[in-house]
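[1] Below is the sequence, then the predicted model.
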Amino acid sequence: MKCDKFIEALGTKVKILEVTRQCDDQVTALVELNDLPEAVRFLYYDMGGYLTTMIPNDERSINKHYALYYALSMEGGKMFEGDEIAQDEKCFVTIKTLISPDSLVFPSVTPLVPACVWYEREAYDMFGLVAEGLPDKRRLVLSDDWPDNLFPLRKDAMDYRYRPDMKEHYMEPEYEFLKPEGSGIIDVPLGPLHITADEPGHFRLFCDGDTIIDADYRLFYQHRGMEKLAENRMNYDQMGYLAERVCGICGYAHAIACIEAAEKAINLEIPARAQAIRIICSEIERLHSHLLNIGLACEVTGNYNAFMHIFRIREYSMKLAELVTGGRKTYGNVVMGGLRRDMTGVEIKESLRILQIIETQVDEVWDAVMDDKRQMSRWKGVGILDKQVARDFSPVGPNIRGSGIKRDTRYDHPYDFFTKLDFNVSVVEGGDVFAREMVRYMELKSSVSIIRQCFELMPQTAIIVDPKFHVKPENYALAYVEAPRGENVHWIMQGSAQKVFRWRCRAATYNNWPSLRFQFRGNNLADAALIVCSLDPCYSCTERVTVVDIKSKKSKILTNADLKNFARTQKDSPLKDLR
Amino acid sequence: MMKLLDISKKYGEITHKYPFEPYKVADNFRGKPAYIFDLCIGCAACGIACPSNAITVQFNNDQSKLIWEFDCGRCIFCGRCDEVCPTGAIKLSEEFELAVKFDKSALIQRGELDTQYCTTCNKPFSAKRLVKYSFECLSKANVSEKRLEEAKEYLCMCPTCKKTATVATFTSGKEMVIE
Ligand code: SF4
Ligand code: SF4
């Protein structure tokens, strides 16, 4: 069976206490606490794994322990030609370990596998589990003034409605940014709120002149506690809708991933037609998301004309969504066992017409953008994500495919209907902004073709199974969907009474942030907004920016307009009177 | 650069005059659920189906009315209420202009239905319209006159009294009319 090969190899390195199989391509190996770092490292580097997600869980009610699940996607390192596992052997291996509630300490994996850093920081925030040896122990998810001994995801910690008192702003603990050593470094905060995208995120750029030498960031200003909310009261009918609201762009991918995790946990097969429609909707989502991002990448560099054209085309993709689902954005369609809304022949016909428009017009505009030397010079060679950094941090989506690594969940672990479809993974070498935008352009084309194929092959079956299935307490599974920004991974452990015991939702960008720091280094301040944008994180530029010159102790407040202007024209550095 | 200008020329003006002229949404668009009070029987099916608790059906304080309430601020336009409503009293409309200015209460819609009290213990348990609706359904269902008369009586009893009454009939040895 799939996965056995990896378990066998792992067994030669560490002692495996127990092996359980969740579904055809997912197994879990329980190891001793002290063997954890070595087990994860071995699978990650020696066997060609990428970190998919890590789930801390409070299982005191089940086995009197806390548990950690490190889920690795076994697909090959993909660093060079042939460095890949055979298609029919790709699978997920989860390393599980138990932590006693008396010690609450586990050995950190981060020093061996850097990709774990955010997950281990979050494990402390949410469960109070301390990663021994973790180089960066700052808070990640919860706000800095959150009470010290309150760990929200512990089952006995708090009611989901509880809101601790906020501290006065002057009492709030300072968040420490990681600073590079040296003199003459200018500290440029970008944040905390983006005025046009409404996305909060605070970046600190450390500059020497106009060159960024390092960066650090504080995010999660918008943590909504959804996992806690769902665990306490939601049934599976409601969860799909809640998951859909995780993101304003790739919401549908979250909804499918969440529901598929619940379905996989009990091995529920959904009808082929429902699978096809799920794919169609998620590819429509990709169309509008990629068009948005390519548009914005033009806009931050001042190319308004192209931006407007791309958004004009994007409107067609929104229309397409409205046509086939009845809503422009939140489709409210996925339920456990299938879908709630079918597509009619008329809708399919009209969709094919719109697809044709999108396809031809995207080509026209892209051609014009590529022709624009000024635009190309702003994209090429900027914000490079080094291939080795990418290997170490497990980024996902166009971010990693732009660095020449062929990682795409639709290809590595085809879910739903994807095995029946024909498509090429878009990979571009280079790792710069241009490469990432190129990947997006290529994916626009392949999305159009995928949607067409789905329409052509549209199976004539029901769209929902007979709702006679039962969830099984303590069963769990991973589900993954390639969202526009990379894979969204959901992990669900079912509980009793049709409720979830634990829901772990990992959005694509979560894996992309940690390596951003390396992408900033050596770039011009004017490109900062562009680099963030090319990651497609719901990008961040700023309302107001304070600049502090450490050497001269001068500071200056920049307005959004100043910085935006500098990003567009690259003239009149706003920092020049500080030097 | 010139290429982009050519494209502009080719496609011309594409912006809509909205809000100065209406914006046409697709067929089957899922907009704000429209409620027709006259059709609502207060069965609460919508309230149970609604995943985001946008609809609630509850008695008011003195239990004289059954209050159907819809909070548009919570609605996610999924259309489940529309699917389950037996009378078509709630249906998704094409309305999408839902913003209110500061006054959040403008998002709330209410319907007050007369309460049906139990004929035996006088406890409020349903809406008059629901009882009437159930009776109408039965009348159309081809049941005998006598059975219908019985049903009329039963329908106006609260679940507890209904149970007691049924048990009483069975144990009293009285013959039941069986279809
Ligand atoms: S559309 Fe959905 S969310 Fe809105 S009231 Fe109906 S059931 Fe509730
Ligand atoms: S009749 Fe329709 S709208 Fe009224 S309570 Fe029943 S389901 Fe809701």
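    Noted; the coordinates are in hand. Ligands and ions are numbered 1, 2, ... in the order given.
[2] Could you measure from B:T56 over to B:I48?
    10 Å (CB to CB, to the nearest Å). For the C-beta atoms, the positions are set from N, CA and C on the backbone; glycine is no exception.
[3] A:V382 too?
    Distance from A:V382 to B:I48, counting by CB to CB: 54 Å.
[4] Quick check on those two: which one has the bigger neighbour count.
    Legend: neighbour count by other CB atoms under 10 Å in any protein chain shown for A:V382 and B:I48, higher for A:V382 (20 against 12).
[5] May I have the secondary structure class of that one?
    The three-state label given to A:V382 by DSSP: H, G, I helix; E, B strand; the rest coil is coil.
[6] from memory it sits against A:A435, does it?
    No - the criterion here is CB atoms under 8 Å, and A:V382 misses it with A:A435 at 10.2 Å.
[7] Could you tell me how many residues sit around residue 76?
    Unless you meant another one, I'm taking chain A. The burial count for A:G76: 21, using other CB under 10 Å.
[8] that's the wrong chain, I wanted chain B
    For B:I76, the number of neighbouring residues by other CB under 10 Å comes to 19.
[9] repeat for the one 5 residues further on
    As a burial measure, B:C81 scores 24 neighbours (other CB under 10 Å).
[10] Give me the packing partners of the host helix or strand of it, helices and strands only.
    Using DSSP states H and E, B:C81 sits within helix B:80-84. Under the contact criterion of 3 or more CB pairs under 8 Å, 6 or more residues apart in numbering or on different chains; DSSP states H and E, helix B:80-84 touches helix B:45-49, strand B:90-92.
[11] right, and these - which one's nearest chain A?
    strand B:90-92 (7.9 Å; CB to the nearest CB).
[12] From the rest of the structure, what touches the closest one?
    The contact list for strand B:90-92, computed with CB atoms under 8 Å, 6 or more residues apart in numbering or on different chains, reads A:326, B:29-36, B:40, B:46, B:55, B:70, B:77, B:79, B:81-82, B:85.
[13] cutoff 6 Å now
    Residues from elsewhere that reach strand B:90-92 (CB atoms under 6 Å, 6 or more residues apart in numbering or on different chains): B:R30, B:P33, B:A34, B:Y35, B:C46, B:G79, B:C81, B:D82.
[14] Now restrict those to buried residues only.
    B:R30, B:P33, B:Y35, B:C46, B:G79, B:C81, B:D82 (16 or more other CB atoms under 10 Å in any protein chain shown).
[15] ok, so of those residues, who is nearest A:Q375?
    Ranked by distance to A:Q375 (CB to CB), the buried ones among the contacts of strand B:90-92 are led by B:R30 at 38.5 Å.
[16] That closest one is in contact with A:G326, isn't it?
    Yes - the criterion here is CB atoms under 6 Å, and B:R30 meets it with A:G326 at 3.9 Å.
[17] rewinding a little: got TSV for the helices and strands packed on helix B:80-84, with distance to A:D214 too?
    Formatted as TSV, the helices and strands packed on helix B:80-84 follow (distance: least, CB to CB, whole Å):
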stretch	distance to A:D214
helix B:45-49	53
strand B:90-92	52
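[18] what helix or strand does A:Y411 sit in?
    helix A:409-412.
[19] Over to A:A29?
    Taking DSSP H and E as the criterion, A:A29 maps to strand A:26-31.
[20] can you check B:Q116 too?
    Here B:Q116 is assigned to strand B:108-117, by DSSP H and E.
[21] ok, and what's touching that strand?
    Contacts to strand B:108-117, defined as CB under 6 Å, 6+ apart, come from residues B:35, B:37, B:40, B:42, B:64-71, B:124, B:126-129, B:131.
[22] mind listing what the strand holding A:A29 pairs with, with the direction of each?
    Paired with strand A:26-31 in the same sheet, following DSSP bridges, are strand A:16-23 (antiparallel), strand A:91-99 (parallel).
[23] How far away from the center of its chain is the helix or strand following it?
    Using DSSP H and E, the helix or strand that follows strand A:26-31 in sequence is helix A:36-41. Centroid separation between helix A:36-41 and its chain, computed with CA atoms, centre = their mean, to the nearest Å, is 23 Å.
[24] Fine by me, we can end here.
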